[in-house]
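fold the stuff below for me.
(2 chains)
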Amino acid sequence: DVKVTQSSRYLVKRTGEKVFLECVQDMDHENMFWYRQDPGLGLRLIYFSYDVKMKEKGDIPEGYSVSREKKERFSLILESASTNQTSMYLCASSSPAEGRNEQFFGPGTRLTVL
Amino acid sequence: DAKTTQPPSMDCAEGRAANLPCNHSTISGNEYVYWYRQIHSQGPQYIIHGLKNNETNEMASLIITEDRKSSTLILPHATLRDTAVYYCIVKAAGNKLTFGGGTRVLVKP
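Sure thing, here's the model as predicted:
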């Protein structure tokens, strides 16, 4: 089974702190994604990556950066956390080589910024 | 990618079939219909997808109208564990997923 794991289920940080959210997948997928999910707004794509060291902005990249140094790991970075970044963060991976092109999601990290 | 319209919520009796509608009247010829669901406190889970033909797998069936302007996801025998938000997404292969509001399905005993 594909497994996408995220470093924490719950995280509490203070305004201005630098926050790292880690995501690891074990299926050798080329594509990895970071979303945030907020009530009434659905899932919104922050950043995605189609290959190692490659990154593309999604729909709401402001205030975030990402890092993909290894194929299996995709990190989301909040350089200076703000209260409006309190949200559920979801990581996903997929492979264009697999016909279904489905995305496999991790369990999510619920981040609270105080 | 084409926009989709789903009812915000629906109830279903346990053991009965759940039929979830989705309208996508502006769908293009190269766009697929995907269905995902999200159970509370979990990440979204892929269910099924299709282009033109009806599809069936171990989780559900997908019925796409001939003009492809709408589709229906069928859960043949709903269980309490099927309570979730169900998302209908239309996108071309290789494009990113865009999740809308979905349909909140409550399966009742």
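
write out the residues of chain A neighbouring chain B.
A:4, A:33, A:35, A:40, A:42-43, A:45, A:48, A:58, A:90-92, A:96, A:100-108 (Cβ under 8 Å from any Cβ of the partner chain). Just so you know, the C-beta spots here come from the backbone N, C-alpha and C atoms, and that holds for glycine as well.

from those, list just the buried residues.
A:4, A:33, A:35, A:42-43, A:45, A:48, A:58, A:90-92, A:101-106, A:108 (16 or more other Cβ atoms under 10 Å in any protein chain shown).

among these, which ones are in helices?
Of these, none are assigned to helices by DSSP state H.

out of these, which sit inside strands?
A:4, A:33, A:35, A:42-43, A:45, A:48, A:90-92, A:104-105 (DSSP state E).

nearest to chain B, out of the residues you listed: which one, please.
residue A:105 (3.0 Å; Cβ to the nearest Cβ).

show me what contacts that closest one?
Contacts for residue A:105 (Cβ atoms under 8 Å, 6 or more residues apart in numbering or on different chains) come out as A:4, A:90-92, B:42-45.

from those, which two are the most distant?
Spatially, the most separated pair among the contacts of residue A:105 is A:91 and B:45, at 14.1 Å (Cβ to Cβ).

quick one: pLDDT of whichever residue of chain B sits closest to chain A?
Residue nearest to chain A within chain B: residue B:43 (3.0 Å; Cβ to the nearest Cβ). Looking at residue B:43, its pLDDT is 90.

which residue packs closest to it, ignoring adjacent ones?
Leaving out its chain neighbours, the residue that sits closest to residue B:43 by Cβ to Cβ, 6 or more residues apart in numbering or on different chains is residue A:105, at 3.0 Å.

tell me how far that neighbour lies from residue A:36.
Distance of residue A:105 to residue A:36, given as Cβ to Cβ, to the nearest Å: 13 Å.

between the two, what contacts are shared?
By Cβ under 8 Å, 6+ apart, the residues touching both residue A:105 and residue A:36 are residue A:90.

what's next to stretch A:54-74, contact-wise?
A:22-26, A:28-30, A:32-36, A:44-53, A:75-79, A:82, A:85, A:91, A:93, B:96.

list buried residues within these.
Buried, going by 16+ other Cβ under 10 Å: A:23-25, A:29, A:32-36, A:44-49, A:75-76, A:78, A:85, A:91, A:93, B:96, out of these.

so where do the strands sit in chain B?
Under DSSP E, chain B gives strands at B:9-13, B:18-23, B:31-38, B:45-50, B:55-56, B:61-64, B:70-75, B:84-92, B:103-108.

make TSV out of the ones you listed and add mean neighbour count.
Formatted as TSV, the strands of chain B follow (neighbours: other Cβ atoms under 10 Å in any protein chain shown):
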stretch	mean neighbour count
strand B:9-13	14
strand B:18-23	19
strand B:31-38	22
strand B:45-50	19
strand B:55-56	15
strand B:61-64	19
strand B:70-75	20
strand B:84-92	22
strand B:103-108	17
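
I appreciate the help and will end here.
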